[in-house]
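Novice: sequence plus the predicted model coming up.
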Protein chains: 2
Amino acid sequence: MHFRKAIEEDLQAIVRLLADDELGAKRERYEEPLPECYYKAFKAIVAQAGNQIILAIDGQAVIGCLQLTIIPGLARQGMKRAQIEGVRVDQRCRGKGVGEALFKEAIAIAKSEESGLVQLTTDKQRDDAHRFYNKLGFMASHEGMKLIF
Amino acid sequence: MHFRKAIEEDLQAIVRLLADDELGAKRERYEEPLPECYYKAFKAIVAQAGNQIILAIDGQAVIGCLQLTIIPGLARQGMKRAQIEGVRVDQRCRGKGVGEALFKEAIAIAKSEESGLVQLTTDKQRDDAHRFYNKLGFMASHEGMKLIF
């Protein structure tokens, strides 16, 4: 297994992972050809400094993904934050440490970019995820609040 | 009261607000001259597409601030998220609807940038903040997890 930054050619595989999830199944459109909205979004990610999708690769297969965005800010003496979204591991590869290794990669990148913390929000319905993040050292110190239009 | 995007000349006033807060007091360095770290961070904010600090202005005075970052992503069919950090209202201007008006401005900008949601995390110690966000329509549907280095 190794890790690399996603390129446009990975989109089909990434959206498959995003859709292959209890909550994601209702939210995504994994079709062939892939809807244009995903290509448009990927271009916007690439165009924003500090924003990237990191992949876990096994052989040629994309088996895990997450989005890492480094956000400069003023609070905490101008500390950068690393924000993580859209974490998925292929159902067939669960329980083998893929998620943990992917997170360790993301955390290492965050540190190398001088971020002072890594943050994420996780749906309160995802009990397993909470345990996973706690094990990695994350503290549920905050409420994650959303206003969906 | 009106709203505008912060410029470098506003930094002293913004850091005063960030420091004038129960948790912020321990985290910030509001000194004259302002520590270089804040100037460096402000330059990085300006340089990142989609990242800005919005101010509430009364006369010439900065009485409120928040950071708004539009983050393109793949999940939810390539939906953009608007992330809010570093919300402060001058202690002397509390209870007058400044925070609410500032949030409505930020939400309007988020919508105009085609974000599908606005999200933030708020420290579980901040009970008042939770009520404030609930009133604005935010739901505490997620855990806000942090890994601080």
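Specialist: On my side now, so go ahead. Numbering: from 1, shown residues only, chains lettered A, B, ... in the order given.
Novice: off-centre distance for the helix or strand where A:Glu100 lies?
Specialist: A:Glu100 is located in helix A:98-112, with elements delineated by DSSP states H and E. Distance of helix A:98-112 from its chain centroid, counting by CA atoms, centre = their mean, to the nearest Å, is 10 Å.
Novice: tell me if that helix is near chain B.
Specialist: Yes: applying CB under 8 Å from any CB of the partner chain, one finds that helix A:98-112 is in contact with chain B at A:107, A:111. Yep, even glycine has a C-beta here, placed from its N, CA and C like the rest.
Novice: which strands and helices sit next to the helix or strand that that helix is followed by?
Specialist: Downstream of helix A:98-112, the first helix or strand assigned by DSSP H and E is strand A:115-123. Strand A:115-123 sits against strand A:80-89, helix A:98-112, helix A:127-135, strand A:139-148, strand B:115-123, strand B:139-148, with contacts defined as 3 or more CB pairs under 8 Å, 6 or more residues apart in numbering or on different chains; DSSP states H and E.
Novice: partner strands of the first one, with direction?
Specialist: It stands for strand A:80-89. In the sheet, strand A:80-89 lines up against strand A:61-71 (antiparallel), strand A:115-123 (parallel) (DSSP bridges).
Novice: can you read off the pLDDT for A:Asp128?
Specialist: A:Asp128 is assigned a predicted lDDT (pLDDT) of 87.
Novice: so how far is chain B from the residue most central in space within chain A?
Specialist: In chain A, the C-alpha nearest the mean C-alpha coordinate belongs to A:Leu66, at 2.1 Å (CA atoms, centre = their mean). Between A:Leu66 and chain B the computed distance is 11 Å (CB to the nearest CB, to the nearest Å).
Novice: tell me the contacts of that residue?
Specialist: A:53-54, A:84-88, A:102-103, A:106 (CB atoms under 8 Å, 6 or more residues apart in numbering or on different chains).
Novice: out of those residues, the closest to chain B would be?
Specialist: A:Gly86 (4.4 Å; CB to the nearest CB).
Novice: the closest one: neighbour count?
Specialist: By other CB atoms under 10 Å in any protein chain shown, the residues close to A:Gly86 number 19.
Novice: that one and A:Val15 touch, don't they?
Specialist: No: assessed by CB atoms under 8 Å, A:Gly86 is found out of contact with A:Val15, at 10.3 Å.
Novice: got any residues that touch both of these two?
Specialist: B:Leu74.
Novice: ok, back up a step: okay, buried residues for the helix holding A:Glu100 please.
Specialist: Going by neighbour count (16 or more other CB atoms under 10 Å in any protein chain shown), the buried part of helix A:98-112 is A:98-99, A:101-103, A:105-107, A:109-110.
Novice: in those, find the pair that's most separated.
Specialist: A:Val98 and A:Ala110 (18.7 Å; CB to CB).
Novice: how near is the closest residue to A:Tyr39 other than its chain neighbours to A:Val98?
Specialist: Closest residue to A:Tyr39 apart from its sequence neighbours, by CB to CB, 6 or more residues apart in numbering or on different chains: A:Leu11 at 6.7 Å. The spacing between A:Leu11 and A:Val98, counted by CB to CB, to the nearest Å, is 20 Å.
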